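J.: Predicted coordinates and the sequence they were generated for:
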Amino acid sequence: MNGTVALDVQGISKTYAAVEAVKDLSFTVRQGEIFGLLGPNGAGKTTTIRMSLDIIKPTSGKISVLDGPMTEQKKSRIGYLPEERGLYDDMTLLDTLLFLGQLKGLSRQTARERAEAYLREVELWEARDRKIEAMSQGMNQKAQFVAGTMHEPELLIIDEPFSGLDPVNTRIIKDLLLRMRDRGTAIIMSTHQMHRVEEMCQRILLIDRGERVLYGPLDDVRKRFSTNAVEVDLEGQLDEVPGVKRLTPRNGGYRMMLEEGVQPERLLQILVDMPAVTVERFERVQTSLEDIFVQVVGREVSESEEEAA
Amino acid sequence: MRKSWLVAVTTYRQRVRSTAFLVLTFGLPLLMVAVGAISILTQIRGALPPVGYVDQTGELTTVETVPVDDETLNLTSYANVEAARQAFTNGEIEGYLVVPEDYLQEQATTPTFYGEERPNAKLETGLTSFMRRALLPDAEEWAFERLDDPSDVTFVARETGERVEQGAPLFVRVATPAFLALVFVLTVFTSANQMGSAVVREKEQRAMEMVITSLSPRELVVGKVLGMTLLSLTQVGVWVIGAGTAVGLALFRTLSIQDLSIPWWALLWAVLLGVPGYFLYAVLGAGLGVIAGDKQQARQLAGMLGFLGMGPMYLMGAIINNLGGPLGVGLTLFPLTGPTIALFRMTLSEVPTWQLTASFGIIIVSLVVSIWTVARIFRAAMLMYGQSLRPRQIIRALREA
């Protein structure tokens, strides 16, 4: 099952009155991968997700979900945790999960068994008879995660899954997602938390103003934006190093920008050969995804966006 | 359908346990039963007390007892007002009637009754009976019975010589259809209102986006309508039992069951038109909830819908005066008023079968079109949290479907 295309989006566009929210967007998501859907606020991520789930219709283009157009039957094989989320305030947690689980095609008995297993895993079993309105934000967030995944979908779309969670609960949800991926679930994760994307995603799609600006394996994207620089911690004093065009002191060490054609391995040899210098750390500078995001999108992720994330 | 039923059952369970529902559902009939009980208590308390009278004309015949239904009114004659007042003060009588000196003259003053409070209906009847007996000393008992109901006339058709059944008076004959129509209007008004609020609540709680990836908008609308229908039927069922008990308590001696019954075929048509008619209101209520931005707006829109249902009540006089006229026929064929108007017309006269059949067909078609339309608007509006839908957006939603 791994490697099979779970979602195939070809040339979709969506126009609201005079606004083109999504423009000729194409991408695929495969079983057994976590796919990062990135972009600044208002880039068209949610519209793309909603079109993929047949909640709204694209103005043009074609979407294939689990090997064909979306049908009512396929909805039971898909999980969704939307950004604008909520549960029924006046229902208990267990009743809510039984209802949503059965809507996804589970029998009442299976829904009960799965709900119990998942609630124990996310440490909410003790709160099963509590009303949703009486639960904290973090509990609510975990409850919604269980509601979206307890039917063990083949395709899972999650929008900001870690918002409102403390580090312990973040770890729980992260482990669950990785386990689902290993079982072969295709996971589309939309988030502004770039370090989570770096940790968990194999491939990414970055969209801006409705258009695809970056798409592919995360490693390839990083390579494209690598800066041919190294960071070095050492004992000794440096004024000038052959092959280095700029030398910047940084946190007790140096950041060295290499000249065109000079490989890091060559620089390491030069430093080792220097008699008055002892190299303690030598690391090629990886461009962070956040740097790439800012560079491509052309503006900093504002504080408010971080808050929203 | 399985998913719709699941939504219906969950919606019902969720709402039927709410405090607001329980208070509204059981509080109202308790109030009605209390009113009915007060009425019956008043009747029981209305046991005839001993009273006195003062004949200032000096011409009336002395009467000591007067039969009133199954009881007897005891009267004591006093020579003057002072003696009667003294007996009243001593608690020997609970009131006294003063017949003025000029009562038997052409320009008479009317008699006056003095007591702690206004006499109950039974005592008033007893005093009237007393006056008849006091004025007509030589009349037999049957003569007084005639006087009590002088218009008990038998009508015979001149050509056939057969007796014509007069039946109950008009107000009694319209009582049952009026009650059923009131129940229908109350039910649809409640449903439309609750339906609109339920949909707005669904939007406010933001569970819609998650739910809608599990079933179609049509399944969700049908499920919600079914759930709210069960809820409304529970509520109105309790109200009807409460109202029935209250009315029964209040009128149990006045009306006969035979007078209140309506023909079985009229009842059958009432059900045939009423059930889909009810669903039509519920679906339209859901649609208004979809369009509304908040609960207050949903209630206002549902109020307008309820007015459409109640509208015929205000026109009832004109309709009864000309049952087969354009107004009656037009409102029978209009899907939102058909169930109530057809019931009224069937109870009071004959309604052509084609009109009833056409009314049924129009209601069914309207219901199907409404479900189709509301489901499509629902798709467009469900993600517009806290916003109302503008006409242009409704048209676009229908076009995109």
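T.: All right, it came through fine. Keep in mind that what you see is a predicted model, and the values were worked out from it rather than measured.

J.: Kindly tell me how buried the residue in the stretch 1-150 of chain A that chain B sits nearest to is, as a neighbour count.
T.: At 3.3 Å from chain B, A:G86 is the closest residue in the stretch 1-150 of chain A, using CB to the nearest CB. The way it works is simple: take the backbone N, C-alpha and C, and place the C-beta from them, glycine included. Here the count is done by other CB atoms under 10 Å in any protein chain shown, and A:G86 has 19 residues near it.

J.: Residues of chain B that sit close to chain A?
T.: B:3, B:6-7, B:10, B:13-14, B:18, B:205-207, B:209-216, B:219, B:379, B:383, B:385, B:400 (CB under 8 Å from any CB of the partner chain).

J.: Inside helices: which ones of those residues?
T.: Secondary structure from DSSP state H places B:3, B:6-7, B:10, B:13-14, B:205, B:209-211, B:219, B:379, B:400 of the residues of chain B next to chain A in helices.

J.: Nearest to chain A: which residue in the stretch 51-200 of chain B?
T.: For the stretch 51-200 of chain B, CB to the nearest CB, closest residue to chain A: B:A198, 11.0 Å.

J.: what helices or strands is the helix or strand hosting that residue leaning on?
T.: Using DSSP states H and E, B:A198 falls within helix B:175-205. Other elements packing on helix B:175-205 under the criterion 3 or more CB pairs under 8 Å, 6 or more residues apart in numbering or on different chains; DSSP states H and E are helix B:2-16, helix B:217-251, helix B:257-260, helix B:264-291, helix B:295-314, helix B:338-348.

J.: List the contacts of the fifth one.
T.: Right, helix B:295-314. B:181, B:184-185, B:188-189, B:192-193, B:195-197, B:199-201, B:204, B:281, B:284-285, B:288-289, B:291-292, B:319, B:331, B:336-337, B:340-341, B:388 (CB atoms under 8 Å, 6 or more residues apart in numbering or on different chains).

J.: what distance separates that helix from the centre of its chain?
T.: Its chain's C-alpha centre and that of helix B:295-314 lie 18 Å apart, by CA atoms, centre = their mean, to the nearest Å.

J.: Could you pull out the buried residues of that helix?
T.: Buried positions in helix B:295-314, judged by neighbour count with 16 or more other CB atoms under 10 Å in any protein chain shown: B:K295, B:Q297, B:A298, B:R299, B:L301, B:A302, B:L305, B:G306, B:L308, B:G309, B:M310, B:P312.

J.: Could you list the contact residues of the stretch 51-200 of chain A toward chain B?
T.: Neighbours of chain B within the stretch 51-200 of chain A, by CB under 8 Å from any CB: A:53, A:55-57, A:72, A:75-76, A:78, A:80-82, A:84-91, A:95, A:99-100, A:102-104, A:144, A:147-148.

J.: Now, those that are in helices?
T.: Judged by DSSP H, helices contain the following of those: A:D95, A:F99, A:L100, A:Q102, A:L103, A:Q144, A:A147, A:G148.

J.: From these, pick the one nearest B:V63.
T.: Ranked by distance to B:V63 (CB to CB), those are led by A:D95 at 73.6 Å.

J.: can I have the biggest helix by length in chain A written out in PDB, keeping just the CAs?
T.: The residue-count maximum for a helix in chain A (DSSP H) belongs to helix A:167-183. The C-alpha trace of helix A:167-183 is given here as PDB (Å, rounded to 0.1, in the frame of the first residue of the first chain):
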ATOM      1  CA  PRO A 167       4.900  19.400  25.200                       C
ATOM      2  CA  VAL A 168       3.700  16.200  26.800                       C
ATOM      3  CA  ASN A 169       0.500  16.100  24.800                       C
ATOM      4  CA  THR A 170       2.300  17.200  21.700                       C
ATOM      5  CA  ARG A 171       4.500  14.200  22.000                       C
ATOM      6  CA  ILE A 172       1.500  11.900  22.400                       C
ATOM      7  CA  ILE A 173      -0.200  13.200  19.300                       C
ATOM      8  CA  LYS A 174       3.100  13.200  17.300                       C
ATOM      9  CA  ASP A 175       3.700   9.500  18.200                       C
ATOM     10  CA  LEU A 176       0.200   8.700  17.100                       C
ATOM     11  CA  LEU A 177       0.700  10.400  13.800                       C
ATOM     12  CA  LEU A 178       4.000   8.700  13.200                       C
ATOM     13  CA  ARG A 179       2.400   5.300  14.000                       C
ATOM     14  CA  MET A 180      -0.400   6.000  11.600                       C
ATOM     15  CA  ARG A 181       2.100   6.900   8.900                       C
ATOM     16  CA  ASP A 182       4.000   3.700   9.500                       C
ATOM     17  CA  ARG A 183       0.700   1.700   9.100                       C
END
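
J.: Find the nearest non-adjacent residue to the closest residue to chain A within chain B, please.
T.: Proximity of chain B to chain A (CB to the nearest CB) peaks at B:R206, 3.3 Å away. The shortest distance from B:R206 to any non-neighbouring residue, by CB to CB, 6 or more residues apart in numbering or on different chains, is to A:G86 (3.3 Å).

J.: Check A:G105 too.
T.: A:S76 (3.7 Å).

J.: so who does the one you found touch?
T.: A:K104, A:G105, A:H151, B:S214.

J.: What of A:Y215?
T.: A:F27, A:R203, A:I204, A:L205, A:L206.

J.: Mind putting these into a markdown table with distance to A:G36?
T.: Formatted as a markdown table, the contacts of A:Y215 follow (distance: CB to CB, whole Å):
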| residue | distance to A:G36 |
| --- | --- |
| A:F27 | 11 |
| A:R203 | 7 |
| A:I204 | 4 |
| A:L205 | 7 |
| A:L206 | 8 |
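
J.: Relative to chain B, which of those residues is nearest.
T.: Nearest to chain B among the contacts of A:Y215 is A:F27, at 19.6 Å by CB to the nearest CB.

J.: Give the rounded mean pLDDT of stretch B:372-384.
T.: Averaging pLDDT along stretch B:372-384 yields 77.

J.: Oh, that last question was meant for stretch B:62-73, not what I typed.
T.: In the prediction, stretch B:62-73 has an average pLDDT of 85.

J.: could you dump that stretch to CSV, C-alpha only?
T.: Only the C-alpha atoms of stretch B:62-73 are listed here, as CSV (Å, rounded to 0.1, in the frame of the first residue of the first chain):
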residue,chain,number,x,y,z
THR,B,62,-92.9,33.0,48.6
VAL,B,63,-90.5,30.5,47.2
GLU,B,64,-88.3,28.5,49.7
THR,B,65,-86.5,26.1,47.4
VAL,B,66,-85.4,26.1,43.7
PRO,B,67,-84.0,23.1,41.8
VAL,B,68,-80.7,23.9,40.0
ASP,B,69,-79.3,20.9,38.1
ASP,B,70,-78.9,18.2,40.7
GLU,B,71,-78.9,20.6,43.7
THR,B,72,-81.3,22.8,45.5
LEU,B,73,-81.1,26.5,46.2
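
J.: Now find how far off-centre that stretch is within its chain.
T.: Chain-centre distance of stretch B:62-73: 36 Å, with CA atoms, centre = their mean.

J.: now stretch B:195-207
T.: For stretch B:195-207, the distance to the chain centre is 31 Å (CA atoms, centre = their mean).

J.: now stretch A:278-289
T.: With CA atoms, centre = their mean, you get 25 Å for stretch A:278-289.

J.: what's B:L230 in contact with, if anything?
T.: Neighbours of B:L230 in contact, by CB under 8 Å, 6+ apart: B:A8, B:Y12.

J.: Which parts of the stretch 101-250 of chain A are helices?
T.: A:108-121, A:137-149, A:167-183, A:194-200, A:218-224 (DSSP state H, counting those that start in this stretch).

J.: Identify the residues contacting the first one?
T.: Think helix A:108-121. By CB under 8 Å, 6+ apart, helix A:108-121 touches A:93-94, A:97-98, A:101-102, A:106, A:125, A:127-128, A:146, A:149-152, A:172, A:176.
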